[in-house]
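Q: When you get a sec, could you give me coordinates for this:
(2 chains, ligands or ions: 2)
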Amino acid sequence: MNSLDDSAALPPPSRDIKTIVNAGLKRRHAAERRFRWFGLAAISLGLAFVVLMFANIIGKGYPAFWQTFIELPVAFDPAVIDPEGRRDPKALADADYAALIRASLRGLFPRVEGRRDLRELYGLVSSNAPFRLRGQVLDDPALIGATRSVWVLASAKVDTLIKGNINRTLDESLRPISDQEIAWVDRLIADGRLEQRFNTILFGNGDSREPEQAGIRGALMGSFYTLLITFLLSFPIGVATAVYLEEFAPKNRWTDLIEVNINNLAAVPSIVFGLLGLAVFINFFGLPRSAPLVGGLVLSLMTLPVIIIAGRAALTSVPPSIREAALGMGASKLQMVGHHVLPLAMPGMLTGSIIGMARALGESAPLLMIGMVAFIVDVPRGFTDPATVLPVQIYLWADLPERAFVERTSAAIMVLLGFMILMNGLAIVLRKRFERRW
Amino acid sequence: MNTTTIEAKAALGGALNPEAREIPLSSAQITDYDHRQTVGKITVDHPKMLCREVNVYYGVKHALKQVSLDIGANEVIAFIGPSGCGKSTFLRCLNRMNDTIPLCRVTGQIQLDADNIYDKSIDVVQLRARVGMVFQKPNPFPKSIYENVAYGPRIHGMVNGKAELDDLVRASLERAGLIKEVEKRMDEPGTSLSGGQQQRLCIARAIAVNPEVILMDEPCSALDPIATAKIEELIDELRENYTIVIVTHSMQQAARVSQRTAYFHLGDLIEIGETDQIFTNPKHKLTEDYITGRFG
Ligand SMILES: Nc1ncnc2c1ncn2[C@@H]1O[C@H](COP(=O)(O)OP(=O)(O)OP(=O)(O)O)[C@@H](O)[C@H]1O
Ligand SMILES: [Mg+2]
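A: Ligands and ions are numbered 1, 2, ... in the order given. Model prediction:
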């Protein structure tokens, strides 16, 4: 006990502690420095790849947010639109608006003749331009007989040229657009009839074979419905399971087995869940293919283990003193959980769930199995409409050769990443918001 | 999870032979070290709780051995003993908090008034409302001060309407000697109080449900002398209405607040008696060593 007595008994040290420590000090510092360098190098490398990826995606994708429009002076000829003069909406809807566009283009370029040249000329404008005219007329039949200048969507070819993605110096046969077309486009530019505008089509349309008309709205809505199902199913079930397993279930071999299985399920490749969904939900229960309902069910299976594991971790992190306090007051177990433990565990559970949902948002493989990979033009309006989801849309577009689709692929990736960042940000905000000290 | 069982040795309410294990000793006699049977008078005239041959096992570990004692109505009884001797274990038997520990098994008999608390017909919710507990570390809920005190009355449905609840909360805080300090900050979190204030908040929370017995496990171990003095004062006042069981490591505290003292050692109840007698004239060598600081 007494240090003075003890030190007298100890043999004198052969070397004093200072020299002993000093001898090894250099080596220790070197090891530390080396480790720090490795860490820095690893992080820099990782960051470099992230920057490269973002630069590539954004560089490729940002032009997709703009789209080329052409101004045409359109004469709303009553002889074409409403030959009978009855202003019958059905007749108005069925009229040949393409003829108006063609007439307008011929008016702008009166010297173009011959069927082949004319067809090339008409090809400057997107095939959806007539629908725009029809919409205007149906909205306001008074237009009939008047002449208005209308901005219509240019074809993907023109758009690609305007965005500088076609090399004009190449030989005509090697590029998708002819010398003649380039001359027309230049004329339109000179006349101020050509403009790039913010691309609302990208966000307003479903998929399309024509790149200039293709949008991600269908995929976005598909993702929305799918994730809604996923959340509505996996969050309550996941939280309830976590609470039951952590707080109520007896600890025995069966619950151990269940626990091991849940942990394993979290690691099962997602495509397996797709196969399961195909076999169970579609083949056995006869639910429709390609539907967000089935997609949501499949993604729920995938997300549930993640939420359960995160939920249990959040529950165990609630200090036992709070549980004892509640039980000591005479709270029943359910009251203890409901009044004290669950509110304290909620931030952790929400964070886990949102991260699980973000994973579900980016998932494509299992959805391929249940037919959410079909080409679907219509924007889904419900849980059983055929739909696709954002990552699958990206996968579909990435396969297409047109330059305009390449651009849209990157744009869709940007939107997807944006939602991911948003969800992860939300997880952080929620955690900070509800975090309480105890 | 709960493997707690009880071997009811006798019918409820009586039939127990309280004198069964008492060893008559003359006041001068000091027992040997290896005498492991309880020395002293385990019974009282007006018992609130009766404990007979209580054994507790944590798995295979025999943590409490054949403990029998009475807890008198309106008395303060102190449990003392070296660390790990089973004081907390025994205290937690009295309101069945041991039920929450997996692998913990309790045998023997514990009565509260005439009810065997380990009987199937007794609901732990009711028991814990009758036998309140204050823990060693202050553990207020991470809710407002008001909510902390209002929690018990609310879950037990003790009050009708907000006004009545307000009154009860105020009265409880007042009796816990905390009202002056928190009057203006009822909506602040209970965790924002100082350690001593938190402990008094926990006492207020416990007495808000008007229990019959209050168990305190080292309630002052985290507190400074001033806060300790306040709580000791409070215990003295509470004795009028409640029966209090207190575990303490401070011999002075046991001497100051309790009327009877029980000394535990390695799972055995070694000696029990009037506090004055235990501290001035212990009859067992182990007790004597412990209170004179010669232990270990
Ligand atoms: N949950 C548990 N699981 C297993 N053994 C336990 C458990 N709780 C207590 N024990 C054991 O039971 C014995 C008595 O513990 P107890 O907590 O009752 O001691 P104590 O007298 O309160 O000590 P202290 O004064 O340090 O609080 C100890 O040996 C301890 O190791
Ligand atoms: Mg203890």
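Q: For the residue lying closest to A:Ala154 once chain neighbours are set aside, give its distance to ligand 1.
A: Using C-beta to C-beta, 6 or more residues apart in numbering or on different chains and skipping the chain neighbours, the partner closest in space to A:Ala154 is A:Thr68 (4.1 Å). C-beta: built from backbone N, CA, C; applies to glycine. Separation of A:Thr68 from ligand 1 (C-beta to the nearest ligand atom, to the nearest Å) stands at 74 Å.
Q: Name the SS class of A:Thr68, please.
A: strand (DSSP: H, G, I helix; E, B strand; the rest coil).
Q: Show the contacting residues for it.
A: Contact analysis of A:Thr68 by C-beta atoms under 8 Å, 6 or more residues apart in numbering or on different chains lists A:153-154, A:158-159, A:162-163, A:194-196.
Q: rerun that using 10 Å as the cut-off
A: When contacts are counted by C-beta atoms under 10 Å, 6 or more residues apart in numbering or on different chains, A:Thr68 is found next to A:124, A:126, A:153-163, A:185, A:188, A:194-197, A:199, A:212.
Q: Show the low-confidence segments of chain A, by residue range.
A: A:1-14, A:436-438 (pLDDT under 70).
Q: Would you map the strands across it?
A: A:66-75, A:147-153, A:194-198 (DSSP state E).
Q: okay, those strands, which one's buried deepest?
A: Per-stretch averages of neighbours, counted by mean count of other C-beta atoms under 10 Å in any protein chain shown, single out strand A:66-75 among the strands of chain A, with a mean of 20.
Q: and that one, how far from the chain's centre?
A: 31 Å (C-alpha atoms, centre = their mean, to the nearest Å).
Q: got the angle for that strand vs strand A:147-153?
A: For strand A:66-75 against strand A:147-153, the angle by axes from the mean of the first three to the mean of the last three C-alpha atoms, to 10 degrees is 160 degrees.
Q: so A:Leu228 makes contact with A:Ala387?
A: No - A:Leu228 lies out of contact with A:Ala387 (C-beta atoms under 10 Å); the separation is 12.0 Å.
Q: Hmm, A:Glu172 is touching A:Ala183, no?
A: No - if you go by C-beta under 10 Å, A:Glu172 and A:Ala183 don't touch, sitting 11.6 Å apart.
Q: Might you report the residue contacts of A:Pro386?
A: A:Pro386 is in contact with A:218, A:222, A:288-292, A:371-372, A:374-378, A:380, counting by C-beta under 10 Å, 6+ apart.
Q: Looking at these, which is nearest B:Leu173?
A: Comparing the contacts of A:Pro386 against B:Leu173 with C-beta to C-beta picks out A:Pro292 as the nearest, at 54.8 Å.
Q: Near chain B, which residues of chain A are found?
A: A:247-252, A:318-333, A:335-336, A:339-340, A:343-344, A:436-438 (C-beta under 10 Å from any C-beta of the partner chain).
Q: 8 Å - rerun?
A: A:250-251, A:319, A:321-332, A:335, A:339-340, A:344, A:436-438 (C-beta under 8 Å from any C-beta of the partner chain).
Q: Could you tell me how many residues sit around the residue in the stretch 151-300 of chain A that ligand 1 sits nearest to?
A: The minimum distance from the stretch 151-300 of chain A to ligand 1, using C-beta to the nearest ligand atom, falls at A:Lys251 (13.8 Å). Around A:Lys251 there are 12 other residues, counting by other C-beta atoms under 10 Å in any protein chain shown.
Q: Please report the number of neighbouring residues for B:Gln136.
A: Around B:Gln136 there are 16 residues (other C-beta under 10 Å).
Q: tell me the contacts of it?
A: With C-beta under 8 Å, 6+ apart, B:Gln136 has these contacts: B:88, B:217-219, B:221-222, B:247.
Q: in which helix or strand would I find it?
A: Take DSSP states H and E as the rule and B:Gln136 turns out to sit in neither a helix nor a strand.
Q: Nearest spatial neighbour of it, chain-adjacent residues omitted?
A: Closest to B:Gln136 by C-beta to C-beta, 6+ apart is B:Glu218, at 4.2 Å.
Q: That neighbour reaches B:Gln253, doesn't it?
A: No - the pair B:Glu218 / B:Gln253 is not scored as a contact, 9.5 Å apart, by C-beta atoms under 8 Å.
Q: just how off-centre is stretch A:396-404 within its chain?
A: 17 Å.
Q: For the residues of chain A next to chain B, which PyMOL command selects only the ones that are buried?
A: In PyMOL, this line selects whichever of the residues of chain A next to chain B come out buried by 16 or more other C-beta atoms under 10 Å in any protein chain shown:
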select buried, chain A and resi 321+322+323+324+325+326+327+328+329+330+331+335+339+340+344+438
